[in-house]
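**Q** Here is a sequence together with a model predicted from it:
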Amino acid sequence: MKKFLALALAAAMSLSLVACGGGNTSSPAASSKPAASSGSSDASTPAPAGNGDFKVGAIYITSQNDVAGYTFQHHNGITTAMKDLGMDPATQLLIVDNVAEDYDAVCSAIDTLANQGANVIFGISFGYIDAMNDKAGEYTDICFSHGTGYMANDTNFNNYFGRIYQARYLAGIAAGLKSKELGNNNIGYVAAYNTEYAETCSGINGFALGAQSANPDATVYVQKINTWGDENLERQAAQALIDTYNCGVISQHCDSAQPQLVAQENGAFGCGYNSDMTEQAPNAHLTAAIWHWNVYYQTAIEAAIACNGDAAKFVENMGGNAYYAGLAEGFVDASPVNEKVAAPNTAAVMDAVRELIKSGEWDVFTGVKLSYNISDDGKVEIIKTDADLVDADLNVIVAAGGPSVDDGVIKGSMDYNVAGVQEG
Amino acid sequence: MKNRQPLFHVVKREGASPARQLLAYVAAVALALAVGAVLLAVQGVEPVTFYRQLITMGIPGSRYPWRAVENFIKLFVPLLIVSMALSLAFKMRFWNIGGEGQFIMGAFWAGFAAMKLGESLPRPAMVLVMALCGALGGGLYGVFVAALKVKWGTNETLLTLMLNYIALYFLQYFAETKTDWNFFLDPGSARPKFAKFPASAQMITIPIGPFNLNLSLLIAAALCVLLYIYLNYTKRGYEIAVVGDSPNTARYAGMKVGKIVIRTIFLSAALIGLAGAFQVSSAGILSASVTNDVGWTGIVVAWLAKLNTAGIVVASLLITVLQFGCQTASTTYPSIDANFANLLQGVILFIVLAADFFTRFQLVRTRKEAAK
């Protein structure tokens, strides 16, 4: 917007410099249209006074007034957590928004929040990492918490992320059952990135293993768009998967619901991400892998309050400096199954596996594969088979019966696809 | 066929006094703030409190006021230098829209020097080398367009504009490509991210109590004075003005127009590159959004100030207060985000420019008889 304004100004001024009196130059139209900020001030009713003067600071990559997407999810999580704790976001939440992943910009945002009395500061974007690390050392009286990062200290600075691959495994089951019902083993996956980031490829792998548990012949075709969100590219990628591979189910790791809309337009089906996209594509959407960020934010704000002014106890109160929770803690989940379009018994199978993962008995990236026996009355029996976990080049990652790969691999160094995934 | 006449036409106003001009500016800012106040009130924010926080930038009574001042200076210095540099080109009627690209190139080559030589050079030498690399990187990126214009008469507006995006994606390529040869990235991170520079590549600061005065502010101030003298009291400065007014007159007077254009654009772009170098050495790390839009905002500042050196200092100071103050003030209001701050800035600039236009021109009703 600033760019257009600058250009329009330059054009207008150069015109008016050249324009000599008397000519009937129409007045230069510098009509840069500012994006109308939706004036949806959330009418938060004054919350019961609790933890009255505790201030939560947040640094967002886009705006808290977004109506969908990454920042929206986090802002929702923080405000929900605060309300559940009896705090009033209108007075106790300090936000610096639209902060680029730029060291100086993040440091400046942290200084501003510190100056305004924030007791805990959340940074939601990966690129904030160095600034948060350095400022945590400078402001030792403030708790720092960094989403998706890997840096931390032993006192006032932790990082947080979740086992979204578990939710994706559940969504994969829904996709696998649907593909079996359709008699079409080709499943598409619109991905921001693939093996460049552990976050994306662990999601693809989790989803593919889930799909294969329900349909052993399923192949997941991945179409990359090389950005975390671009509605046009997401749409094109989904259409390409349908046109090229005749995919009957489309999953996604990108910001908007476009892939689900494309699936619906083509009479195909799909699994969304971040929010329950049944709302957008009621005739196509099966289930979505979703985050419950408020679960983390409530835990973290409670831990920060419990410091009682001594921020050095934050990490201890959190039980460690890297929070990595999953289905068991309710941090991630699959959204309710859309019974109108899902294959029969989808919800029952997902429920059974959800309980299995919650119990801690089994996890996705192990040397044990699941399959299901569904009786006529809808009872689900999970069958566990020891089998190698192999990557797309058939290297063995985990030998048959072996334990799960390390958390560090899932969070940081995973850079392969499992067998049955093909990048298109 | 009847030739339709417009209802109004624009006529130059005679004898607009400076006092009247100033009054128009003040009235315009007041009007813009009033429009902003209505927008704030609609969102349930008390305008007076918001504006007070905006103007004071939240500094009085805060816990670490010196940090706020340091951050303010880090925003102000690049904008000041870039606006100065752009005014140099604009005075010659060379439409350099490429501030963003030249800034990025300056930052990139300064970063290159920091990563390659940071371990081996002492701090003052390293900062100097980074400044030189930045100036050279930015300057060559700009002079390329000037040379094309002099040689083949290409359109500099289009070329500088397009080169912005080339520079941006060039930098992004290094920001996102994790391979063994990419020495810009942090080897300790599984996800691609820029590595911090060695300590010697950090901009020199002068400690005054808890406050650290960034050396780049002093250099920028000195550059303002030098540029003022250059433009107003030297032969070369005079040549720029003549070429700007009329290249043919300049040629007739025996000036080498091509040489003047190339020299001036190199200077303009080199200063922008220098600002980029200062930016990264102040931060101590590269970033893909290193410019903070100064290449664009600088154009606005230069024109607001009518390319006048003192005016540029005032305008860039005010714009920085507006930007930094808006961010600080909106922190406490969940409904106010940076988009609103941008909107407010846009409203103010638009009304000020409209006032500027109407102090210099007036609309006159086209008379029916005259139209025939």
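**A** Thanks, I have it.
**Q** which regions of the chain lie under the pLDDT threshold?
**A** Assuming you mean chain A. Counting by pLDDT under 70, chain A has low-confidence residues at A:1-50.
**Q** That was the other one, I meant chain B.
**A** Applying pLDDT under 70 to chain B flags residues B:1-3, B:15-16, B:368-372.
**Q** which residue ranges form the strands in it?
**A** Assigned strands in chain B, in chain order: B:8-12, B:205-208, B:211-214, B:361-365 (criterion: DSSP state E).
**Q** and chain A, which of the ones you listed is closest to it?
**A** strand B:8-12 (2.9 Å; CB to the nearest CB). No exception for glycine: its C-beta is placed from N, CA and C like everyone else's.
**Q** could the strands of chain B be laid out in TSV, adding mean neighbour count?
**A** Output for the strands of chain B, formatted as TSV (neighbours: other CB atoms under 10 Å in any protein chain shown):
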stretch	mean neighbour count
strand B:8-12	17
strand B:205-208	11
strand B:211-214	17
strand B:361-365	14
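**Q** Columns distance to chain A on top of these, output as TSV?
**A** Shown next, in TSV, are those (distance: least, CB to the nearest CB, whole Å):
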stretch	distance to chain A
strand B:8-12	3
strand B:205-208	14
strand B:211-214	11
strand B:361-365	7
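**Q** need those strands in TSV with distance to A:Ile357, can you?
**A** Converted to TSV, the strands of chain B look like this (distance: least, CB to CB, whole Å):
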stretch	distance to A:Ile357
strand B:8-12	72
strand B:205-208	52
strand B:211-214	51
strand B:361-365	72
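**Q** Relative to the helix or strand where A:Tyr273 lies, what are the paired strands and their orientations?
**A** Using DSSP states H and E, A:Tyr273 sits in strand A:269-274. According to DSSP bridges, strand A:269-274 forms sheet pairs with strand A:249-253 (parallel), strand A:285-291 (parallel).
**Q** just those: most buried one?
**A** When those are scored by mean count of other CB atoms under 10 Å in any protein chain shown, the highest mean neighbour count falls to strand A:249-253 (a mean of 32).
**Q** which residues are in contact with that one?
**A** Outside strand A:249-253, the residues that touch it by CB atoms under 8 Å, 6 or more residues apart in numbering or on different chains are A:168, A:171-172, A:175, A:178-179, A:182, A:187-192, A:200, A:203-204, A:207, A:220, A:234, A:238, A:241-242, A:259-260, A:262-263, A:268-273, A:286.
**Q** starting at the chain centroid, how far to that strand?
**A** Averaging C-alpha positions (CA atoms, centre = their mean, to the nearest Å) puts strand A:249-253 14 Å from its chain's average.
**Q** Could you identify the helix or strand that succeeds that strand?
**A** Next in sequence after strand A:249-253, counting helices and strands by DSSP H and E, comes helix A:258-265.
**Q** Show me what that next one is packed against.
**A** Helices and strands touching helix A:258-265, as assessed by 3 or more CB pairs under 8 Å, 6 or more residues apart in numbering or on different chains; DSSP states H and E, comprise helix A:231-245, strand A:249-253, strand A:269-274, strand A:285-291.
**Q** Around chain A, pick out the residues from the stretch 51-200 of chain B.
**A** B:58, B:62-65, B:67-68, B:71, B:74-75, B:93, B:95, B:97, B:178, B:189-193, B:196 (CB under 8 Å from any CB of the partner chain).
**Q** please redo it, this time with the cut-off set to 7 Å
**A** B:58, B:62-64, B:67-68, B:71, B:74, B:95, B:97, B:190-191, B:193, B:196 (CB under 7 Å from any CB of the partner chain).
**Q** still on that earlier bit, would you turn the helices and strands packed on helix A:258-265 into TSV with distance to B:Gly111?
**A** As requested, the helices and strands packed on helix A:258-265 are exported to TSV (distance: least, CB to CB, whole Å):
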stretch	distance to B:Gly111
helix A:231-245	29
strand A:249-253	31
strand A:269-274	34
strand A:285-291	35
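**Q** Could you find the closest non-adjacent residue to A:Ala311?
**A** Leaving out its chain neighbours, the residue that sits closest to A:Ala311 by CB to CB, 6 or more residues apart in numbering or on different chains is A:Asn156, at 4.2 Å.
**Q** ok now do the one you found, which residues does it touch?
**A** Contact analysis of A:Asn156 by CB atoms under 7 Å, 6 or more residues apart in numbering or on different chains lists A:136, A:140, A:142-144, A:311-312, A:314-315.
**Q** And it, how close does it get to A:Trp291?
**A** For A:Asn156, the distance to A:Trp291 (CB to CB, to the nearest Å) stands at 25 Å.
**Q** now do B:Val301
**A** In terms of CB to CB, B:Val301 sits 42 Å off from A:Trp291.
**Q** Which stretches in chain A count as helices?
**A** A:2-18, A:70-84, A:89-92, A:103-115, A:129-138, A:164-182, A:198-214, A:231-245, A:258-265, A:293-305, A:314-318, A:346-358, A:407-408 (DSSP state H).
**Q** cool, and chain B?
**A** Under DSSP H, chain B gives helices at B:18-42, B:47-56, B:65-91, B:99-117, B:123-152, B:156-176, B:215-233, B:235-245, B:247-252, B:257-283, B:294-304, B:309-330, B:338-360, B:368-371.
**Q** which helices and strands does the longest one pack with?
**A** So that's helix B:123-152. With contacts taken as 3 or more CB pairs under 7 Å, 6 or more residues apart in numbering or on different chains; DSSP states H and E, helix B:123-152 sits against helix B:99-117, helix B:156-176, helix B:257-283.
**Q** Can you lay out the strands paired with strand A:269-274 as a markdown table showing distance to A:Ile305?
**A** What follows is these, written out as a markdown table (distance: least, CB to CB, whole Å):
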| stretch | distance to A:Ile305 |
| --- | --- |
| strand A:249-253 | 34 |
| strand A:285-291 | 23 |
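**Q** Using neighbour counts, trim the residues of the stretch 51-200 of chain B next to chain A to the buried set.
**A** Taking 16 or more other CB atoms under 10 Å in any protein chain shown as the criterion, what is buried in these is B:58, B:62, B:64, B:67-68, B:71, B:74, B:95, B:97, B:190-191, B:193, B:196.
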